Each structure stands twice: as structure tokens, then as C-alpha cells.
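Student: need a structure here:
(chains A and B)
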Amino acid sequence: MKVMDSPKSLDEPEEAEPSSSRTSDSGQPRQPKRRSVVGLVVDFLGSYGLATVLFLLLLLLTYLGTIEQVEMGLFETQKKYFNSLFLVHEFFGVPMLLPGVYLLLVILAVNLIVGGMIRLRKHKTTIGVLIAHFGILFMMFGGLVKYEFGEEGHMTLFENQRSNAFQSYHDWELGISKAGSGEEMVIGGDRFQDMSPNETRTFHSGNLPFEVTISRYARNSQPMPKGPMFEVDQPVIDGFFLEPRPLEPQAEQNIAGAYLTIKDKATGAEQQAIVWGFSQKPLSLAVGQDNWIFDLRKKRTVLPFTIVLDQFHHEFHPGTRRPKLFMSEVTKIEDGHEQQYKIEMNQPLRHKGYTFYQSGWGPENAAPGQPLFSTFSVVRNPADQYPLIACVIVTLGLLVHFGQKLTRYLRAESKRSS
Amino acid sequence: MKNTIRCLLVLTLGWWAVDAYGQAEAPASTTPAPKPPAQSPAWSKDVLDVFSTLPIQDEGRVKPLSTYANFKLLKLNGRRKAMNLNGESITPLEWLLDCLFYPDVAKQYKTFLIQNSEVLDALKLTHADKKKRDRYSYAELESGRQTLFSLAQQHAGKETKDMTPLEFQVVNLAQNVHEFEALIHYLDFARHDYGVAANKRLSEFIPGASETPFTAIVTKGHELRNLFTVLSQPVEGVDEATRQKELDSLKTLVSDVGTYGGFAFALSLFPPAGTPKEAPTWQSPAEVMEDAFGAHVPPAHELAMLASLEKLTMATGNPVAFQTQLASLQDQIVKAAESRGEYAKVPLEVSFYKGNYFYNGLVLYVLSFVLVALLWLMPHNRVLGLAAPVAIVVPTILLVIGITLRCIIRGRPPVTTLYETILFITAVVVIVALIVEYMNRRKIALSLAALMGTIGLFLANKFEMKEAVDTMPELVAVLDTNFWLSTHVTTVTMGYAAGLLAAAIAHIYILGRLLGIRREDTAFYKSVARMTYGVLCFGLFFSVLGTVLGGIWANDSWGRFWGWDPKENGALMIVLWELAILHSRMGGYIRDLGVAIACVFGAIIVAFSWWGVNLLGVGLHSYGFTNGIAQALFIFYGFQGVIILLGFVVWIRERMEKRPAPERAISPPEPRPTKRSAKATG
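Tutor: Numbers count the residues shown, from 1 in each chain, chains lettered A, B, ... in the order given. Here you go, the predicted structure:
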């Protein structure tokens, strides 16, 4: 947006704070210098123009990502607009390629480092800006650490139930084990979740007497009985086929499913089956002399300690259904030592880099005396406290900078009035 | 919640209560004739004072009866006054007392605001002499009552957004009629003749029934239940006809008690024994009755309060006796509430609403705006020069006092609801504008302070009237943290306020240049531009701080710093836009006019963040959702859009004016920045 060229007397920049490339130290206009390509690139990367464009694009994508949540749900929107390098958005039916927020933030970080820190004129009037820029950069670094190395999921426990693992909200895994062996091999969701419906992938392992081929993977699906009155384009196994379903706006409600083809390495015999993420029991197949269990489930992360839900309390404000208090009394068991905690809204339990937040409970219509369950969001975030540190730094920087500006302004006004 | 009492009572009293509640569904036909005469009562000041400070528990909190009356009448009637049969204006409390103690009179009051007469058509009621939007009495609607409830039942399952306007109004009216009936039948239990005195056996069994029949019966609730069990089968020494007769009279009695007592659920007047932690829920007469016939024997003090309420009702029409009984009831309730530590803030709340700080503030802001306008016309008038700032400071003080009193009453920071954001933002805008005026002394910020104060309190008033619900609700669990409410919410709303004030100053800049006001006074426009820039920086500081603090709170509550929730995104959009303005200004891409235009667009973003995202109805912050704001919001967007267009008109016009200017050729060229290569300063 270029809105300028109005009369000089009215519309000149109020506080000309020229960059070193614009004027010489004496204040005279500088003669244009021939710059190398590298220099031009660096100039560009550190320019106000780039910063402004990045802010505007981030603004646009934030707006689009907000509006799209109504239809697409948060998870899909986040993936498309905020975690991406590029995306295609339709403006009134016209598809348009846009950079994703992830890419924009990377460029913004470069712009911030080059223009906002390295090339920033080091002067007492810019110390606040330098501090604020560093704080923002640190906050973005925290976001990157969380994005790349953080884990999150949930743990749901009924009263007196215990667990040492939490489940992912969105990621799946396929567990393969010999019945009764107690040992399990896991194919992580990152190795099959990106499959398109027409794609197949085969997994081999020296420890397994068979090959596993995953095909027709569906992020949201439902096994259905095949009736005589209709045809389906999916294989029918034992009278059932896997019907792909549209994705749910609430991504955690999607239930993955796939066809598995198990090929016996010894005999070459193949058998096909359906695995579905919401099955009451995992799939069991006989391969050779043994029974094998195939369990498609939400990705599980094992904790170095165990959590027991002792009791869950919930209160409503009197005479209403307005929640007043949710509180879980839990015991943490680690190396035989027990310790009691209370987890409430705004009061999570933090231990060994994991944080447990009160996020849900049920059943809502439980009869008096019926056991309740409590759901905890579990997060492992190595950058947990970075935002707080960044907040302090940014605040300090802005206070210094705007404080200096205010002081200068007041001095100018004082001169004007005198 | 209270409506479930009927179901509970059926479970508690057994099958013989079912008959009673069958009758309860048609109150018009079973309501006993009220003992007091049907005339417009005149309540003495003493009686009104006592009732106004009587505490009740409603919507989860203890509040004065006057507050309850205020919002109940506002909800039903769309305003805080009603007209009695003499055509006189009465207060919400007087209206409520008429409903409780003189129901036949209250039925004649035009209590129900109906937005569109199509509702009357749907109910097959005539409205020939009425306006399209008009007020109706219960008596006028009564014949369409069954149709109303049938229609409402058909639509009630729908989401509000899926209803047609007519369906929404039908459901709304049915709810209002139901709430009104709950009030006019509330004291039926005390007005009904249970016939105990005429029944010798019952009068012996229930001593005290001649004085307080309902309470006397309820007191014997357990025994009556046992007696019912005994009489339900042959009794040794009692012939079958006598047993059956006694059983029938017992059934009739309990059925009547269930019917009339069951209506007394609207007001929870009786504080229970124990601390609020041990026994959080106050009791209504219906609940005391339910306990009496159920597993719990009501405590003596609850029965005593019930008896006092019954005596008070029976004393209706006898001013002296009424006042005596009222004093007794008040003494019991207040003492019980005080012992639980729940009364201390009730008188303060009464005085808060009596003070009418925000409405009075609005009136004074309007007055101050007139004075400021006069000051522009007579800039050298010293009286006006003094009076105008004072006239703005006074309503601002009222506004600050009002906000502070709300904080004290609630024990919360100033902003916890959408309504409070309006008050707080108005206060911040006016105070910041006054500070700017103090520094700048050009009357621009002073004028804006008066204007924004007027608009802010007008909006607060309109919002309160539209929502018609208690503006001091208890907070949901996730918001129950004064630390984050006082840091994140306060700072982020200060960011909103500054964004709006910057836009308001930018309006002056754009319109001034458009209309050629003080065309030659460059210092004036420089000064306005400086104000815009300064307030923008102030806004950026608080927006950044508030947004980041919000993230830290989210990290503490939900386990993630940033979740791309719409409300978070709204705050981020303000930050991004303000950063874009400042950086493009530093880069020389925009100057004063560009900053002004951008600030006006910033107001659109602030409005989207403040109100727009709530209308999306998604995200973890959707507790702030409110209906019917969209239209006002789009009008605001449209208005700001027009100002932006006018800003571009100014830009284009001045470019065109400059192009052929001969002095341009002889003036030294301005050092016009193009693309910057480095960030020189912040």
C-alpha cells in the first residue's frame, strides 16, 4: 500500500529516522552506490518493505484461517494455512497460490535478524527496538521448538484407574504383536498417514514372518456391511467393506481405517483384512502357526511415571449449569514413590517436562455414585516457559522504545508551547 | 434447573403428586382467587427499601431482589419500567411486587414486548388497535397461551440460528410468559385454602394450620407421607369407608400442596444452614416442600422463613401487618445470609444500581459534547474553556466509580464479560484522550473524549438492554483466575481502546483534509498526525503485551501458547496490522495520510477481534458468543469503509492538485524514500 505524495508540508514523515542507505552522516542525500547481488539480497531480506509485506500476508492468512475454521474445523485449517509452506485458497472461486504461515514466519525471522538486529543502527534510541526484536525472535524460536519437538495428546482415566501413557489427538499407529508374546512392533503413523486412497505401502521386518501392506487408507472411515442391493468399489471382507467418510471439523473425531494385506514370507499366502481405529477389539489373524494381533490405534506415548485418578470433582454455580470447578485428585507413582496432586483449570500438574491439564470429564449425565472419568491434555513442550521470558523481553523493549519516543514528543510539545 | 423440581417432586411425593402437577400445567384454571383486592397497589418507600435489599440467589449468585426485578422486567418488557393500571410509571421492583402480591393486577400490565405482530397472528389473537411492535398484557395473551406453548414446543428443538425470526419470537415469548407465570403464581401456596381447618382429623394432625396452613402441612410432611402409607392399606380398627375417605382427603391435601407449592420455585429466598461451600444452593419454598416430603427434613430456620413468607402474603392489603411481617422475614433472611458471609455486598449492589452511574455518565457526556461544540464556535470563551474539560471529567469519574464498584461487588478485575469490555474500553479511550489533550491542548482529543464517551456508554446501555441478563454473572471455571483476568484481559482491551482512539483521531485527520478545514494550518495536521501515531504506539504496546499474556495464560490453562483460536487470531491481527503500519511508515511507504487511512482500517480489525470472532461461534473463547450484533457490526464496517474511501479521495485529489503545480518544478525535490534496505531505527 503506497499512500503518499501528498503535499510535503502536511504529509512528510513525522520523525524522519532515515536508514543509513538513504542519507549520509552529514544528512545530505547519498549518491547511489553500486551494490553486489549479495548486497542487494541482504538489503531486500532486511528491508522494511519485506517486513511490511510479511505482516500483511500474515494478517491475510490469519484472517482466512480464522474464517475457514467455521467450515473446516481447527485442525484442517491449521494444517492448510498455518503449518504449511504454500497453499491454494479460492477467492470467490478463483484459486490463488499463497505462501503458508510457516514459510512466512521463517522469512520474517530472517528479516528480523538481518534488518531488525544485525543491520539495525546501534544507538541509544534503538536499544528498545533491539530488545523487542530479540524478544519476538526468541518467542518465534520457542514456537519452532514446540512445533518440531513438542508432543501432545490426552489421557482419560476413570476414578481409580491408572495409566503410564497418553494418546495423541490426531496421530495413529499400527501395533503388531504375536498373541501372548508381550512384545510389540509399531509402525508409526508418520509412515502411512499421508497415503492417498489409491496408494499402497508395504512394510518389512526381519522380526516378522510376513510382510504388511497397507492400502486404501482413509483418515475418516466406517466399516459397513455389504448388502445385496448395492455395489461398492472397496473390497468386501467377511461381508464388510470400509467406507471412507468426509473429514470431521473436529479432527479428533476422525476414525482412521485401512485394508491390510498380510503376505506369509514362507508360503507366499496372502490374506486381507480391515483395520479400523474404533474397533472394540484389535484384528487377530493366524499366520503360520501363530496368531498375530494388528491394532490400529491413536499414537501412544509412554511416560516415565504412572498417574492414578483418585477422584474427580465438578461443581456448578448454584442453580445453574455454569461450570464452577473441575478438579482431579491424582496420585503420581514413580519408582515406587507416591505423591498426590490436584489438577484444576489454570492449575496443571508439571513433572519431568510433561504437563497435565484438566480438559474434560464425563459422563455428564452420570447417576450419583457412578464413576466419573477425567480427561487430561498432556503436553511435552521443551519451550514451555519461553513465551513468558519472551514476553518480559518484548515488554521491556517496547517500554524503553516508546518511553523514549514519548519523552521526545513531550519535549517537542513543551518547546512548541513555549 | 428450577423446572426440574416438578419432576423431582413427582419422584418424591409419588403418584399422588402426578395429579397435582397435571393441574399445575393449567394454572389459569386452578389459580385460587387472590385474597387481596384487584387494584393498583401503592408501595410505601419503607417497604420498597426493605424489598430492594432482600437477598436472593439467582443465576448462581446472591444478589438484591431489586437487581433480579431490574433484569426480569428488562427481559420481558424491553425496558426498566412498566405502567400500572392508573397509567403511572412504576419501577421494576414495584412491578415485581405487584406480580407476587397482586397477580390479578399484574396480569393487566402491558408486560410483554412483542417485536412483530405476526406473533399475535400465529396465536390467532387480535391486535387491531396495536402497533407492529407493541406491548401486551398477560390478560391479552392468555387466550392464546396453549397455542403459544404448542408452537414453542415445535420450534424449541431447533438451534437459534436455524429459526426464522417468527419462530424465534414465539419461543422467546413462550419463555417470557412462563417466567411471568412463575412470578404471579409464586405465592399461590400461601393464598390457597387447603381446607385443613374444616377437616377435624387433619386439623388435629396439623397444628398451626389455621395460622400458616402451607407451612404447617409442610412441617408435617414426613408424618403425612407415613400416614399415606398407612392409609393405603386396610387399617386395623378403622372401617373401610372411613379409611378411604381419609385417604381421599389426604390425597387432595397433598395434591394441593404439591400444586401450589410447586409453583414457588422462581425465587430462591432462603439461605440454607452451613457455609456456602457445604451448602451452596439457596432454597425456594418449592424446594423446602420437596425436602419435607422427601428424604431430608427441612431445617427449622427454613420452615420459619417459609412461615414468615406465608404470613407476609396473608397480610397483603393490610399495610401495618404487611410491614411487620416483612421486617420479620427480612431479619431472618438477612441474618442467615450474613452468617454465610453472603450479604455484605448486597446493599452495595443496591446503591450501585441506584447510582445509575453509566446512564448519568451518558447524559453528562452528551452535555459535555455540546459544550465542546460550543467551545469550537467560541474558542476564546474562558468559561467554556474551563467548563468543557470539567464536563468531560465528571462523567469519566462516574464511569470509573461505576467500574470500581462493579469490581468490588464481584471481587473481580474490571473486565470479565463483553458488557464490561464496553465500559472499560470507553473509560480507557476517554482517559487516554484526556491525557493526549493535556499534552497537546488542541481540543481535538477533548472533543473525541466527549464523543467516544457518549458513544461508548450509549453502546453499553444498548447492549445491556438487548441482552437483558444480569451483567454480573458468575464466571465459568476457566475464567476463574483474577491474575490472568487482570493482566491479559485488561491489557488486550486497552489495546482495543487505543486502536479505536487512533482511528477516531484519524477520522478527524481525513475529514479535515477532505473538507479543507484549516487548510493552511500545517501545524494542526502535524499535531493530529502525531496524536494518531502516539496512540497507535500505545495501542501496539498493549496489544502485543495482551496477546502474549493471553498466550501464556493459554499455555497455563490449555497446554499450548498458541492454538490459532479465533479470539487469539483477532488479537494477533491487530498486532500485525499495527506493526505493518509502523514498519511501512518507517520505510516511507506511507506518510501521515496513509497512517490515518490505515488506522481507520485498524478500527475494522479491532471490531472484528472484539465482536466479529464471537459471531463465528467456534473456538475455546466462544463463551463470549452473543446474538444479534452482526447488523451493528456491519454498519460499523461500512462506516469505516466510507471513511477509508474518503481518505483515498483526499489522496487522489491532492495528487491531482500537485501534478500541474508550477512551483513543483522550482522547489527542490523532496528526498522521497523508495525501498529501504535496512531497518535503521524502530
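
Student: Please make it C-alpha for all contacts and neighbour counts, starting now.
Tutor: Noted.

Student: ok, and the closest non-adjacent residue to A:T213?
Tutor: Once flanking residues are discounted, A:T213 sits nearest to A:T202: 4.0 Å by Cα to Cα, 6 or more residues apart in numbering or on different chains.

Student: quick one, what contacts that neighbour?
Tutor: By Cα atoms under 8 Å, 6 or more residues apart in numbering or on different chains, A:T202 lies in contact with A:E211, A:V212, A:T213, A:I214.

Student: Strands - which of those residues land there?
Tutor: A:E211, A:V212, A:T213, A:I214 (DSSP state E).

Student: three-state assignment of A:K298?
Tutor: strand (DSSP: H, G, I helix; E, B strand; the rest coil).

Student: In contact with it, which residues?
Tutor: A:Q167, A:S168, A:Y169, A:H170, A:D171, A:W172, A:E173, A:G277.

Student: Kindly recompute the last result at 10 Å.
Tutor: Going by Cα atoms under 10 Å, 6 or more residues apart in numbering or on different chains, A:K298 touches A:153, A:166-174, A:188-189, A:252, A:255-256, A:277-278.

Student: And stretch B:560-576, how far out from the chain middle?
Tutor: Centroid separation for stretch B:560-576 versus its chain: 27 Å, with Cα atoms, centre = their mean, to the nearest Å.

Student: Is any residue of it near chain A?
Tutor: Yes: legend: contact between stretch B:560-576 and chain A by Cα under 10 Å from any Cα of the partner chain is shown at B:560-570, B:572-576.

Student: OK, contacts around B:D121?
Tutor: Counting by Cα under 10 Å, 6+ apart, B:D121 makes contact with B:H127.

Student: how close does it sit to B:K107?
Tutor: 21 Å (Cα to Cα, to the nearest Å).

Student: likewise A:I343?
Tutor: Counting by Cα to Cα - A:I343 and B:K107 are separated by 51 Å.

Student: got it, and B:L384?
Tutor: Using Cα to Cα, one gets 52 Å for the distance from B:L384 to B:K107.

Student: got it, and B:L76?
Tutor: For B:L76, the distance to B:K107 - Cα to Cα - is 13 Å.

Student: and for those two, which residues touch both?
Tutor: B:F180.

Student: before we move on, back to that, doesn't the residue nearest to A:T213 fall inside a strand?
Tutor: Yes: checked against three-state DSSP, A:T202 lies within a strand.

Student: My read is that B:A477 contacts A:S359, right?
Tutor: No: checked against Cα atoms under 10 Å, the pair B:A477 and A:S359 is beyond contact range at 11.2 Å.

Student: Need the residues touching each of these two.
Tutor: A:F326, A:E344, A:M345.

Student: now these in JSON lines, with distance to A:A366 and pLDDT?
Tutor: Below are the shared contacts of B:A477 and A:S359 laid out as JSON lines (distance: Cα to Cα, whole Å; pLDDT from 0 to 100):
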{"residue": "A:F326", "distance to A:A366": "15", "pLDDT": "91"}
{"residue": "A:E344", "distance to A:A366": "20", "pLDDT": "92"}
{"residue": "A:M345", "distance to A:A366": "21", "pLDDT": "86"}
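
Student: who touches the residue of the stretch 401-550 of chain B found nearest chain A in this structure?
Tutor: Of all residues in the stretch 401-550 of chain B, the one sitting closest to chain A is B:A477 (4.7 Å; Cα to the nearest Cα). Applying Cα under 10 Å, 6+ apart to B:A477 gives the contacts A:H314, A:E315, A:F316, A:H317, A:R322, A:P323, A:K324, A:L325, A:F326, A:E344, A:M345, A:N346.

Student: Which pair in these has the greatest spatial separation?
Tutor: Greatest spacing in those, by Cα to Cα: A:H317 and A:N346 (17.9 Å).

Student: does stretch A:88-100 come close to chain B?
Tutor: No: using Cα under 10 Å from any Cα, stretch A:88-100 never reaches chain B; the gap is at least 13.9 Å.

Student: Okay, buried residues for that stretch please.
Tutor: Across stretch A:88-100, burial judged by 16 or more other Cα atoms under 10 Å in any protein chain shown covers A:H89, A:L98, A:P99, A:G100.

Student: Out of the residues you listed, which is nearest to chain B?
Tutor: Nearest member of the buried residues of stretch A:88-100 to chain B, counting by Cα to the nearest Cα, is A:G100, at 13.9 Å.

Student: Show the contacting residues for that closest one.
Tutor: Shown in contact with A:G100 (Cα under 10 Å, 6+ apart): A:57-58, A:61, A:79-88.

Student: taking these one by one, which sit in helices?
Tutor: When DSSP state H is applied, those are split such that A:L57, A:L58, A:L61 fall in helices.

Student: how many other residues sit next to the nearest residue to the last one once chain neighbours are set aside?
Tutor: What it means is A:L61. Computed as Cα to Cα, 6+ apart, the closest residue to A:L61 that is not its neighbour in sequence is A:Y81, at 6.5 Å. Look at A:Y81: counted by other Cα atoms under 10 Å in any protein chain shown, it has 25 neighbours.

Student: who's in contact with A:Y81?
Tutor: A:Y81 touches A:58, A:61-62, A:64-66, A:68, A:87-89, A:98-102, counting by Cα under 10 Å, 6+ apart.
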